[in-house]
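K.L.:
only geometry, no sequence info:
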């Protein structure tokens, strides 16, 4: 298995993202297009990035200075835990309120209050587990 959020891993994530119709369809219906970065808390920049257009992943790889709409960070241990077993809404909420999940860029509160975004956001974690 490739290192979490490496270019190789992110390409696998992109493929799995596009294979998950519950994710692509739901995000496509709301016209979701964003650049989402993932990384480790305490590091200067994210490790990986995925670009989404109308719900579908169109590119992914190692972070290379892209302008981001979202930058999610938590500890390597927490990411490893979530890749093995995706968190639910309660788990993510707890991680966010306790500071274990941080949004260096993006508004968690606005996103989680929108059911059309919250469900797909939760789904991305189970997709990560298939990489």
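P.N.:
Looks like it arrived, so ask away. The model shown is predicted, which means the values in this text are computed figures rather than measured ones.

K.L.:
list the buried ones in the lowest-mean-pLDDT helix or strand in the chain?
P.N.:
Least confident helix or strand of the chain, by mean pLDDT, DSSP states H and E, is helix 108-112 with a mean of 77. Neighbour counts over helix 108-112 (16 or more other C-beta atoms under 10 Å) mark 108, 112 as buried. (C-beta placed from N, C-alpha, C; glycine too.)

K.L.:
Could you do stretch 23-33 as well?
P.N.:
Buried positions in stretch 23-33, judged by neighbour count with 16+ other C-beta under 10 Å: 23-24, 26-28, 32.

K.L.:
and which of these is nearest residue 74?
P.N.:
Nearest to residue 74 among the buried residues of stretch 23-33, counting by C-beta to C-beta, is residue 23 at 20.3 Å.

K.L.:
Does the closest one belong to a helix, a strand or coil?
P.N.:
Three-state call for residue 23 (DSSP: H, G, I helix; E, B strand; the rest coil): helix.
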